[in-house]
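**Student:** okay, here's the prediction I keep looking at, along with the sequence it came from:
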Amino acid sequence: MLVPRDATNVRHPVEIVDSSNAPATGLGYLSSITFGYRRASDTSWTNVTLVNGGVTHADGGFRSLGGNVYEFCWPDAVVVAGESTLTRYVYDGATKYDAIEARLPVVGSRGFLGSTLRVVDPSSTSVRVPITLVDVDGVAITSKSFSDADLDLEVLSNAGSGFVAKTLVSATAGTYTENGWIYLGGPLYEFGIQDGLIVDGGSVFVRVRYNGGDWQYTEVKSLKTSQLDMTQLTPDGYSIGDQLDKIGTTTGNVVVTGGVTSTNADRQFPSISIAPETTSEEPYYQASQWQIVFRPLESFVNGEDIVFALKSDKADIDSESIIEVEYRVGTGVTTVTYLNGVADGGTTLATMVYEENELDASSEQLTLTLEDSLTSDIDPGTYYRGLKRVGTSKVIVDDTMTVLRSVTRAHAP
């Protein structure tokens, strides 16, 4: 796999087979699989502890991309500028080898070649994606026709069980043709994705190689139109690689599936505002059980803390909350920290559950249940509602919620 000489947070797509060379499907980070690396200066292999992978990089993160294709997150130690680091996985008695080639130069302010991300809304049709082709030394592979026998292109859709080879056809610049292929100049090409493969919250992965070389990946990520602040996206394709040169100064990371994270402080991709929808029925009645379901969400990791709060005023401090609930992902531990401005500490009347789906992000949800004996102490009124990740202080939900007086209040517990 080719990466820039100064790459960090390398995410590596890998196809896993068993000892009979059959596709290995349904694996998780707790499966009996070992990943390791050996740099040119090493005398032995270093194994990496696997953890549950998600949409953000975590050393050892492992997740399924569908079928027998998985993504593994390598620690930064695998990257040695200008050198090759051998990698391997061991599963079911089979050992397969690959390499991390830190040979790509930093090109302008873009910082990477070979792996890109494009964001679209789920109603998109006639989608054309940019493809980059370079050889093992990072030199552009130019002027390759759709009919070139040495050119391989495969597509993995969100509902697919594996990558499917596509027969390329000729295309015209600036127009869409299904499975169309056109040379744009330098190392850049363009490919037309088949309509119908893009679904809410899903991803379509396109990979291409020339003359049996390394696969180079592009991800087309779909987010719901209602949850995108379209004014924050660029109007000509939402390609991270194409926009980095045009955007002002800030700090932050650009995460590229199948590629690297760009951390330079002098480049930025505009933020995408995602507002999880509340799918539970309203209104909420005092002294009744509340079930509030938020979806879709950013993927959470085991051990991180999530906080839900209702406040009379946004300026109120946490200890003045009408109710505040803390949840630690992966443990099942939910605690009512404050109720009507008084420290509580109860763990039985509120539950929060995070349901993760690695193959379909649009079906992930966070469910908060408050029992009626708890809501009976919350007065009717309209409150500010918030949901926040504690570790990053990132606000996920910021809206209002109305509590109505129950007509059967006299029968409340």
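**Tutor:** Cool, the structure landed. Source: prediction; values computed, not measured. Numbers count the residues shown, from 1 in each chain.
**Student:** helices of the stretch 151-300 of the chain, residue ranges please.
**Tutor:** For the stretch 151-300 of the chain, applying DSSP state H, counting those that start in this stretch gives helices covering 240-243.
**Student:** where in it is pLDDT low?
**Tutor:** Across the stretch 151-300 of the chain, residues meeting the criterion (pLDDT under 70) sit at 158-161, 174, 201, 222-283, 296-298.
**Student:** in it, which spans are strands?
**Tutor:** Under the criterion DSSP state E, counting those that start in this stretch, the stretch 151-300 of the chain carries strands at the ranges 151-156, 164-165, 169-170, 180-185, 188-192, 203-210, 216-222, 254-255, 261-262, 277-278, 284-285, 290-295.
**Student:** residue 302: neighbour count?
**Tutor:** Neighbourhood size, residue 302 [other CB atoms under 10 Å]: 12. All C-beta atoms are positioned from the backbone trio N, CA, C, and that covers glycine.
**Student:** look up how far residue 57 lies from it.
**Tutor:** Relative to residue 57, residue 302 is positioned 16 Å away (CB to CB, to the nearest Å).
**Student:** with the flanking residues excluded, which residue is spatially nearest to residue 344?
**Tutor:** Spatial nearest neighbour of residue 344, excluding adjacent residues (CB to CB, 6 or more residues apart in numbering): residue 336 at 4.4 Å.
**Student:** please parse the protein into its domains.
**Tutor:** 2-104, 116-262, 277-411 (automatic domain parsing).
**Student:** quick check: which element contains the residue nearest to residue 344?
**Tutor:** strand 333-339 (DSSP states H and E).
**Student:** counting by contacts, list what that strand packs against.
**Tutor:** Judged by 3 or more CB pairs under 8 Å, 6 or more residues apart in numbering; DSSP states H and E, the packing partners of strand 333-339 are strand 323-328, strand 342-346, strand 350-355.
**Student:** the same query, at a cut-off of 10 Å, please.
**Tutor:** strand 305-311, strand 323-328, strand 342-346, strand 350-355, strand 365-370 (3 or more CB pairs under 10 Å, 6 or more residues apart in numbering; DSSP states H and E).
**Student:** partners of the shortest one in the sheet?
**Tutor:** When sheet partners are counted by DSSP bridges, strand 342-346 sits next to strand 333-339 (antiparallel).
**Student:** by how many degrees do the strand it pairs with and strand 305-311 diverge?
**Tutor:** Angle of strand 333-339 versus strand 305-311, following axes from the mean of the first three to the mean of the last three CA atoms, to 10 degrees, is 30 degrees.
**Student:** buried sites along strand 333-339?
**Tutor:** Neighbour-count burial for strand 333-339 flags 334-339 (criterion: 16 or more other CB atoms under 10 Å).
**Student:** look up the closest residue to the most centrally placed residue in the chain, ignoring the ones flanking it.
**Tutor:** Note on the chain: the residue nearest the mean C-alpha position is residue 55, at 2.6 Å, using CA atoms, centre = their mean. Setting aside the residues directly before and after it, residue 55 is nearest to residue 299 in space (CB to CB, 6+ apart), at 5.0 Å.
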